[in-house]
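Participant: okay, here's the prediction I keep looking at, along with the sequence it came from:
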Amino acid sequence: MKDYIFNIHDVILMMTVAESILLALLQAAMPAQNRLYGRLLSAFLLVIATGSATTLILWNDQVHIGPTVDQYWIPYFLMAALMLKGPALYLYVASITRAQFTLRPTHLVHLAPALVTCLIMALFAIDSNDLRHLWAMGDEQPERLVTFLWDSAKLVPLVYSFAAVALVQRYRSELKDEYSHFSSTEPRWLNILTLGFFASWTWTMIVHILAKYTSPETADYLGIADNYITFILINGLFTYSLIYAHQLLETRAEETRAPAEDKPSESAIDRVKAAMETDKIYLQQNLNIEQFSARLDLPVKEVSSVINKHFGTNFFEFINTYRVEEAKRLLADPKATEKTILDILLESGFNSKSAFHRFFKRLTGMSPSEYRKDKGAH
């Protein structure tokens, strides 16, 4: 509790509220961004705004809306916001990483933590004083229940942020199963942001636990850091959605991802080998597994099974390993001395200089120029 109306920490909360609302409205007003992920981002920002506003009202005695609202309604809005911010983040991440993602009735389960919390508060008549552990003499003190509510409000977002991080990691893995080339910038920034929220909410949980064993003042100062981190993260998330989210490559829908249960057939293995060694399909730039499968007239799941189970790798590694071998052949060919490194990487199927150099050095232990020199093709 602060001794004066607004200090810098209160101002940060107010800025978070104002900016979250502004960014949510701006997101909603963008026709080009009028997609599900845009609406989910707006929902997440409004939840953050609600949580920050109600936190300020609950803990700052100088901020009032009205006696009834302050005492009886604010706890519901606060707890609902705390319980919904995790699901909102998770669904936003799902909407930009899962192919053909749509909201379904089954997703209503994510409202359960907020609904159960509000129901418990209604049944036991929990108000603002209860949440602040301020009880009048002679009043029944629902201390254990209030402690449970606060514990849940810290744990639920943490669990959902961990699930969001797992979604991003899974998405990055799926990209390697489906594409021979992709930009790592967009997935990397999404990973940083989700890890940021996970770290922030982990810190919140740690501070909450420490508060049980330290002075309120110490816990207060430690907890204030979360307000600043949240302010930074919502700006980062909005910027990401504006610049990068629409550039993310789609991965296959969940129902098409399961690999074939049986061992790949010899026929399928031979066709994949022929496509690589005879047809040299890997020379096609920006090749993905759907195009590859279409060329072989085989189901994607069967081709994926051959690559994963028989060759023991993913599509990204499989294709680019052949490309590196082709580049090695050209670099060592005395007849190709007139060709530049750029010419060779393009002829090998690569379309990114940085990706070519990174992959080539990882597989050979030397740069393309060093390899050419070592093989004597001057």
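Facilitator: Arrived safely, thanks for sending. Numbering: from 1, shown residues only.
Participant: where in this structure is pLDDT low?
Facilitator: The chain contains residues with pLDDT under 70 at 1-7, 31-34, 134-141, 216, 246, 249-250, 252-262, 376-378.
Participant: can you map out the strands along it?
Facilitator: Counting by DSSP state E, the chain has no strands at all.
Participant: and it, what are its domain boundaries?
Facilitator: 8-133+142-247, 261-375 (automatic domain parsing).
Participant: how far away is A24 from M205?
Facilitator: The gap separating A24 from M205 is 26 Å, by CB to CB, to the nearest Å. Backbone N, C-alpha and C define where each C-beta goes, glycine included.
Participant: which one's more surrounded, these two?
Facilitator: Legend: neighbour count by other CB atoms under 10 Å for A24 and M205, higher for A24 (23 against 15).
Participant: wait, the more buried one sits on L46?
Facilitator: Yes: counting by CB atoms under 8 Å, A24 does reach L46; the two are 5.0 Å apart.
Participant: mind listing what the nearest residue to S180 once chain neighbours are set aside touches?
Facilitator: Nearest residue to S180, sequence neighbours excluded (CB to CB, 6 or more residues apart in numbering): I319, at 3.9 Å. Applying CB atoms under 8 Å, 6 or more residues apart in numbering, we find I319 in contact with 180, 282, 287, 292, 349.
Participant: quick check: closest non-adjacent residue to the second one.
Facilitator: Think Y282. Y322 (4.3 Å).
Participant: got the contact list for that neighbour?
Facilitator: Taking CB under 8 Å, 6+ apart, one finds 276, 280, 282, 349 in contact with Y322.
Participant: take the contacts of I319 and write them to a markdown table, including neighbour count.
Facilitator: Below are these laid out as a markdown table (neighbours: other CB atoms under 10 Å):
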| residue | neighbour count |
| --- | --- |
| S180 | 27 |
| Y282 | 24 |
| L287 | 20 |
| F292 | 25 |
| G349 | 24 |
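Participant: okay, these in JSON lines with distance to Y221 next?
Facilitator: Formatted as JSON lines, these follow (distance: CB to CB, whole Å):
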{"residue": "S180", "distance to Y221": "51"}
{"residue": "Y282", "distance to Y221": "58"}
{"residue": "L287", "distance to Y221": "55"}
{"residue": "F292", "distance to Y221": "57"}
{"residue": "G349", "distance to Y221": "56"}
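Participant: widest-spaced pair of those?
Facilitator: F292 and G349 (12.1 Å; CB to CB).
Participant: doesn't T50 make contact with L82?
Facilitator: No: between L82 and T50 there is no contact under CB under 8 Å: 9.3 Å.
Participant: the more surrounded of these two?
Facilitator: Per other CB under 10 Å, whichever of L82 and T50 has more neighbours is L82, with 25 against 20.
Participant: quick check: closest non-adjacent residue to the more buried one.
Facilitator: A153 (4.1 Å).
Participant: residues contacting that neighbour?
Facilitator: Counting by CB under 8 Å, 6+ apart, A153 has contacts 79, 82-83, 117.
Participant: how does it look with 10 Å?
Facilitator: With contact set as CB atoms under 10 Å, 6 or more residues apart in numbering, A153 has these partners: 51, 78-83, 85-86, 113-114, 117, 131, 204, 208.
Participant: what segments of the stretch 101-250 of the chain are helices?
Facilitator: 112-123, 128-131, 143-178, 185-210, 216-243 (DSSP state H, counting those that start in this stretch).
Participant: just the buried positions in the second one, please.
Facilitator: When burial is assessed from 16 or more other CB atoms under 10 Å, helix 128-131 yields the following buried residues: 128, 130-131.
Participant: now do the fourth one
Facilitator: Along helix 185-210, the positions that meet the burial threshold by neighbour count (16+ other CB under 10 Å) are 186-187, 189-191, 193-194, 196-198, 200-201, 203-204, 207-208.
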